[in-house]
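1. give me coordinates for this.
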Amino acid sequence: MALISDSAAAEVREAFGAVGTAMITPFSEDGTIDYAVVESTAAHLVDLGNDQLVVSGTTGESPTTSDEEKTRLLEVVVGAVGDRARIIAGVGTNDTAHSVELARAAAAAGAHGLLVVTPYYSKPPQAAIAAHMRTVADATELPVMLYDIPGRSGVPISTETLLELGEHPRILAVKDAKGDLAASARVMSESPLAYYSGEDALNLPLMACGAVGIVSVVGHVSADRFASMVAAVEGNDLDSARRIAAELAPLVDAVMNHMPGVVAVKAALELQGVIPTRATRMPLLPASDEQVEHVRAQLKRSGYLQ
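-> This is a model prediction of the structure:
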């Protein structure tokens, strides 16, 4: 269904995969990273159907992990599943020099690609956003996926800026959480950029517009059915894709709309026995007992918990 050519879509999927999850960072109760659980969680997610994992995205609580921890997380995940999935390093910050440092460290740690979010809080103008993205892309030889999420960054990447950035030889894709399907469709029709849905509620609509895959939060739980949905769209079986999207809608709502996604997903994985604790680092707090019960109900309803 991608508007880019089949060969170009295949090239991008070779770089980034098709079904991705922005992976949590498992912590122990004392707040340290549990690297053994990082390894087992990565393996679980790939076994579930993910062929891409984003390490140190915001769902991985990247604002509260150190640069040294980010490097070790990458090394552990690459070592665990790097032969079975594309490992993408979240390196975006609101400091270009720091993002360049993280990009180079990620390349040295074995990452297969980079995810670069719009610089947040400072609300740079479009020319500055473009300069930031090009500078990070020029820092390594890795392929780059832009992350457009104005609800968190405070400023969108405009259509004109995306079209400009699509001319860079290493900027290949966009993780789209803008919620503007018309704008996304225009970029896909006028640019070589490949699109990935970065908003689980819009996975099917964006794929119907031409996206080549997803980068999910709910994929921690439902990557198997998301993979079936992606395959159905690719095979022009929209009836099956719609059925899967409808079946997963209550779970998507439970994970994404009632608490931070990482909080809900950690509760879900603890309930499933994938991780031993739903601990987070402040300023996030782990799910309350009431929130856990809300997640439990939807996991059972969707067939992901007995």
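
2. what secondary structure does residue 195 sit in?
-> strand (DSSP: H, G, I helix; E, B strand; the rest coil).

3. who's in contact with the nearest residue in space to it that is not next to it in sequence?
-> Spatial nearest neighbour of residue 195, chain neighbours left out: residue 211 (4.0 Å); criterion: Cβ to Cβ, 6 or more residues apart in numbering. Where C-beta positions appear, they are placed from N, C-alpha and C, glycine not excepted. Neighbouring residues of residue 211 by Cβ atoms under 8 Å, 6 or more residues apart in numbering: 2, 176, 184, 188, 194-197.

4. could I get those as a markdown table with neighbour count and pLDDT?
-> Shown next, in a markdown table, are those (neighbours: other Cβ atoms under 10 Å; pLDDT from 0 to 100):
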| residue | neighbour count | pLDDT |
| --- | --- | --- |
| 2 | 21 | 41 |
| 176 | 30 | 98 |
| 184 | 25 | 97 |
| 188 | 24 | 96 |
| 194 | 25 | 97 |
| 195 | 29 | 98 |
| 196 | 29 | 98 |
| 197 | 27 | 98 |
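
5. let me know the closest of those to residue 144.
-> residue 194 (11.6 Å; Cβ to Cβ).

6. show me the strands in the stretch 101-250 of the chain, by range?
-> For the stretch 101-250 of the chain, the strands defined by DSSP state E, counting those that start in this stretch cover 113-117, 144-148, 171-176, 194-197, 213-216.

7. what pairs with the third one, parallel or antiparallel?
-> What that stands for is strand 171-176. strand 144-148 (parallel), strand 194-197 (parallel) (DSSP bridges).

8. would CSV of those strands with distance to residue 33 be doable?
-> Below are the strands paired with strand 171-176 laid out as CSV (distance: least, Cβ to Cβ, whole Å):
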stretch, distance to residue 33
strand 144-148, 23
strand 194-197, 26
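
9. quick check: which of those strands is nearest to residue 203?
-> Between the strands paired with strand 171-176, strand 194-197 lies closest to residue 203; by Cβ to Cβ that is 4.5 Å.

10. what about residue 68, how many residues nearby?
-> 9 (other Cβ atoms under 10 Å).

11. could you list the buried residues of the helix or strand where it lies?
-> Per DSSP states H and E, residue 68 falls inside helix 67-81. Residues 69-78, 80-81 are the ones in helix 67-81 that count as buried (16 or more other Cβ atoms under 10 Å).

12. now the two most distant members of those residues.
-> Every pair of those checked by Cβ to Cβ; the farthest is 69 and 81, at 18.6 Å.

13. how many residues are close by the nearest residue to residue 62 once chain neighbours are set aside?
-> Ranked by Cβ to Cβ, 6+ apart and with sequence neighbours excluded, the top spatial neighbour of residue 62 is residue 56, at 4.4 Å. The number of residues packed near residue 56 is 29, by other Cβ under 10 Å.

14. repeat for the one 5 residues further on
-> As a burial measure, residue 61 scores 19 neighbours (other Cβ under 10 Å).

15. just residue 289 next, same as before
-> For residue 289, the neighbour count with other Cβ under 10 Å is 7.

16. quick one: pLDDT of it?
-> Looking at residue 289, its pLDDT is 97.

17. show me what contacts it?
-> If a contact means Cβ under 8 Å, 6+ apart, then residue 289 has no contacts.

18. next one: phi and psi at it?
-> phi -60, psi -40 (degrees, to the nearest 10).

19. again with residue 141
-> Dihedral pair for residue 141: phi -100, psi 10, per degrees, to the nearest 10.

20. for it, list the residues it contacts.
-> Taking Cβ under 8 Å, 6+ apart as the test, what residue 141 contacts is 107, 170.
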